[in-house]
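S.K.: Pasting the sequence and the predicted model now:
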There are 2 protein chains.
Amino acid sequence: MWQGPACRVVAVDDPDYPGFVRVILGRHAREMADLDPAERDALMDVVFAVEAAVRDAMQPHKMNLASLGNQTPHVHWHVIPRYRDDRHFPNPVWAAPQRDAVVPEDRRSRAAKLGPAIAARLSP
Amino acid sequence: MWQGPACRVVAVDDPDYPGFVRVILGRHAREMADLDPAERDALMDVVFAVEAAVRDAMQPHKMNLASLGNQTPHVHWHVIPRYRDDRHFPNPVWAAPQRDAVVPEDRRSRAAKLGPAIAARLSP
């Protein structure tokens, strides 16, 4: 979706979560605490710009942000729009499913336009 | 553990996760995107200082950071030290348990000293 000097933004291919986006640090670092303050701020500026773009485009009930990396210990952020009717709500997307969820077509079409919206917000 | 001008830091009472800490915004806001940049940076400075303090004190395999708020839509951050032998590793703590985990005594005693370590890092 977008490539910056320090990180890239990619769409996550999860059929239950259109609009799920990941922000991945370019250089290798294990933890946020391994970044110097300027690098950390630059990365979080992108994460929060992506959060705002996803929120605007997807109009979710709630935004979820997480940097976990237990399986892939390389700094990356999950940015996930959540809806009351999604598969796991109100639990995190990694928890047990709460229901068989059918994603509304409208949500998929919003997600399809997300790339340009994110790029527009990040590239001056 | 610590009270600042814009947020507070509290220990989470989860027997499986000693060292689990929450950073809670003082004023009400639903999403990070609702904060102005200065407020957002001030909050994240605390979150990342707490992350560093927890990592130093707890020596985990990985740190997890998350702002979810599906059940309580008020900005707060989870800061969680993770270990290969913990109850859910490598999955997020909200996922299905992977094992019956016994928390080592050493980990509990490190967590007991975490409050002063966090306060020392946050109060100049």
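M.R.: Now that the structure is in, tell me what you want to look at. Numbering: from 1, shown residues only, chains lettered A, B, ... in the order given.
S.K.: for chain B, what are the nearby residues on chain A?
M.R.: A:30-33, A:40-41, A:44, A:48, A:51-52, A:55, A:61-71, A:73, A:82, A:89-92, A:94-96 (Cβ under 8 Å from any Cβ of the partner chain). For glycine as for every other residue, the C-beta is placed from the backbone atoms N, C-alpha and C.
S.K.: And the strands in chain A?
M.R.: A:2-3, A:7-11, A:21-25, A:62-67, A:76-82 (DSSP state E).
S.K.: Tabulate these (a markdown table), appending distance to B:V10, mean neighbour count and mean pLDDT.
M.R.: Listed next are the strands of chain A as a markdown table, based on distance: least, Cβ to Cβ, whole Å; neighbours: other Cβ atoms under 10 Å in any protein chain shown; pLDDT from 0 to 100:
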| stretch | distance to B:V10 | mean neighbour count | mean pLDDT |
| --- | --- | --- | --- |
| strand A:2-3 | 36 | 16 | 95 |
| strand A:7-11 | 31 | 19 | 97 |
| strand A:21-25 | 27 | 21 | 98 |
| strand A:62-67 | 19 | 22 | 98 |
| strand A:76-82 | 23 | 24 | 98 |
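S.K.: who wins for proximity to A:A120 among these?
M.R.: strand A:2-3 (9.5 Å; Cβ to Cβ).
S.K.: Which strands or helices does that closest one pack on?
M.R.: With contacts defined as 3 or more Cβ pairs under 8 Å, 6 or more residues apart in numbering or on different chains; DSSP states H and E, the packing partners of strand A:2-3 are strand A:7-11, helix A:114-122.
S.K.: Which strands or helices does the longest one pack on?
M.R.: It refers to helix A:114-122. Packed on helix A:114-122, when contacts are counted by 3+ Cβ pairs under 8 Å, 6+ apart, are strand A:2-3, strand A:7-11, helix A:37-58.
S.K.: shaky segments in chain A?
M.R.: A:124 (pLDDT under 70).
S.K.: now stretch A:3-18: how far from the chain's centre is it?
M.R.: 6 Å (Cα atoms, centre = their mean, to the nearest Å).
S.K.: typo on my end, stretch A:28-45
M.R.: 17 Å.
S.K.: Need the CA coordinates for it. CSV is fine.
M.R.: Taking C-alpha atoms only, stretch A:28-45 is exported to CSV below (Å, rounded to 0.1, in the frame of the first residue of the first chain):
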residue,chain,number,x,y,z
HIS,A,28,15.4,-5.4,11.9
ALA,A,29,14.6,-4.6,15.5
ARG,A,30,13.0,-7.0,18.0
GLU,A,31,11.2,-4.5,20.3
MET,A,32,10.0,-0.9,20.1
ALA,A,33,12.4,-0.4,23.0
ASP,A,34,15.2,-1.1,20.6
LEU,A,35,14.4,1.9,18.4
ASP,A,36,15.9,5.3,19.2
PRO,A,37,13.3,8.0,19.9
ALA,A,38,13.4,9.6,16.5
GLU,A,39,13.0,6.3,14.8
ARG,A,40,10.2,5.3,17.1
ASP,A,41,8.4,8.6,16.6
ALA,A,42,8.7,8.3,12.8
LEU,A,43,7.2,4.7,12.9
MET,A,44,4.4,5.7,15.3
ASP,A,45,3.5,8.7,13.1
